[in-house]
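[1] here's my sequence, what's the structure:
(chains A and B)
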Amino acid sequence: MKTYLIVVSLLMACLLTVSTPATAHHGTGISYDLSKLVSVKGVVTKFALSNPHSQLYFDVTDDKGNVEHWSAEMNAPTNLERSGFSRRQMLNLFTPGSEVTVYGFRSKSGAPVVVFSKAVLADGREFKSQGGPGNIE
Amino acid sequence: MRNSFTRLFTALLVVLLVSTLAFAQRGRPDARRGVQPSGPSVPHDPHDLTGIWRGNTQSLSNAPPPMTAWGKEQFDAHKPSYGPRAVPPALGNDPTGKCDPLGYPRILFFGRPFEMIQTKDRILQFFEWGRALREIWIDGREIPKDPDPKWLGNTAVGKWDGDTFVVDTVGFDERAWIDHFGNPHSEDMHLEERYHRLDRDTLEVVMTIDDPKTYTKAWVSDKLTFRLQANDKIREDFCVPSEEESFNQGVRNPAGGVINK
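    Take a look at the predicted model:
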């Protein structure tokens, strides 16, 4: 049984290695703490489908009514396009004023910035990172 | 025992299927072109390099040759955001952070696809990043003796050596880095590329950089592999300075601990 486990584990590791493209990401592992996934609830202020990475901006209000401006680094526009998402779809998803819970990895600097993993909107719609270091699947 | 093995084998198949589907997402078919036949078994002409290609290599090899004093000085001045010397992009000086052209050969290592197009007198490389065009002349001309420096190289000439397409390029702008890791080159760099289409879906490239001002010996690459993206197309992907600045202000600078002015 142990032998089977070892053989199958090795095969799975090999398959993951060859089937997942190794991509370079510009300083992501340096700027963000990729060891800890965080979630932040806020209200969308802007979505920008632009290079080098699209961006989601949202405001988070604490119990005392203080507002903090957050941003999320998302996929490059061509990455979203290749995954089948149009600009209109993205803008319809992240409309200003929508409540959103953003999952991601926070900047090591402590600034209110994450590299994006997933967003869940108040109506239950979800949007996940289309690959890259913010990808949690 | 048998049931456990069956479950593990099933899990293995699921992993393969999921990861293959995830990879396939990167090159969804363009409905206007239709789905092209693919696979290594599809017959190909080894002298036909046309098609859309994509690789995932990041440099010529892991170990550049020893640098000269001048080369080391350039290398130390470069502050990349990739590899062992990586700093947050906000604190680095990668030329692409200001939308400077990537230059050649670095544009090959950027993860975006490029298309090879053949005309009567040239083979063109049409890069998605910046929608840039590199011309490789196949009309028998010679490379110039004292070329002005250009981002993609002043002049590239190509000829067939059996089934290998050999390209010589001179005249490079030394503001460009060779790769994401900040390896430098001088204006005197001579680049040789040897393209070999191994099968329909696989293009292998071996590069040799001869740049005595920067390296004490020639830098010969690993065998770099590019895969045919049979059902993809070249999309618009510009580095737009105003977008870059907006991203820097909203994301890159604060993430790197830099206070916006």
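[2] every contact and neighbour count from this point should use C-alpha atoms.
    Fine.
[3] grab the nearest non-local neighbour of residue A:71.
    residue A:57 (4.4 Å; Cα to Cα, 6 or more residues apart in numbering or on different chains).
[4] count of neighbours near that neighbour?
    21 (other Cα atoms under 10 Å in any protein chain shown).
[5] do the same with residue B:42
    As a burial measure, residue B:42 scores 10 neighbours (other Cα under 10 Å).
[6] how far away is the nearest residue to it once chain neighbours are set aside from residue B:110?
    Spatially, and ignoring its direct neighbours in sequence, residue B:42 is nearest to residue B:200 (6.2 Å; Cα to Cα, 6+ apart). Separation of residue B:200 from residue B:110 (Cα to Cα, to the nearest Å) stands at 23 Å.
[7] host element of the residue in the stretch 1-150 of chain B that chain A sits nearest to?
    Closest to chain A within the stretch 1-150 of chain B is residue B:81: 4.6 Å, counting by Cα to the nearest Cα. Following DSSP states H and E, there is no helix or strand that holds residue B:81.
[8] equivalent analysis for residue B:188, please.
    Short version, using DSSP H and E: residue B:188 is in no helix or strand.
[9] quick one: the helices in the stretch 51-200 of chain B, in order.
    For the stretch 51-200 of chain B, the helices defined by DSSP state H, counting those that start in this stretch occupy B:69-77.
[10] one more: chain A?
    A:2-19, A:28-31, A:77-82, A:87-93 (DSSP state H).
[11] give me the spatial nearest neighbour of the residue of the stretch 1-150 of chain B closest to chain A, chain neighbours excluded.
    That would be residue A:27: by Cα to Cα, 6+ apart, it lies 4.6 Å from residue B:81.
[12] can you check residue B:147 too?
    Using Cα to Cα, 6+ apart, the closest residue to residue B:147 is residue B:171 (5.1 Å).
[13] can you check residue B:70 too?
    residue B:214 (6.2 Å).
[14] measure that neighbour to residue A:34 for me?
    To residue A:34, residue B:214 is 36 Å away according to Cα to Cα.
[15] and those two? Which one has more around it.
    Set residue B:214 next to residue A:34 and count neighbours by other Cα under 10 Å: residue B:214 wins out with 26 against 18.
[16] what distance do you get for the more buried one to chain A?
    25 Å (Cα to the nearest Cα, to the nearest Å).
[17] how far away is that residue from residue B:68?
    For residue B:214 relative to residue B:68 (Cα to Cα), the value is 5 Å.
[18] just give me the neighbour total for residue A:93.
    For residue A:93, using other Cα under 10 Å, the count is 16.
[19] picking that back up, lowest-confidence stretch among the helices of chain A?
    Mean pLDDT is lowest for helix A:2-19 among the helices of chain A, at a mean of 42.
[20] name the residues of the longest strand seen in chain A that are buried.
    What stands out as the longest strand in chain A, according to DSSP state E, is strand A:32-48. With burial defined by 16 or more other Cα atoms under 10 Å in any protein chain shown, the residues of strand A:32-48 counted as buried are A:32-34, A:37, A:40-48.
[21] that concludes my questions; thank you for your assistance.
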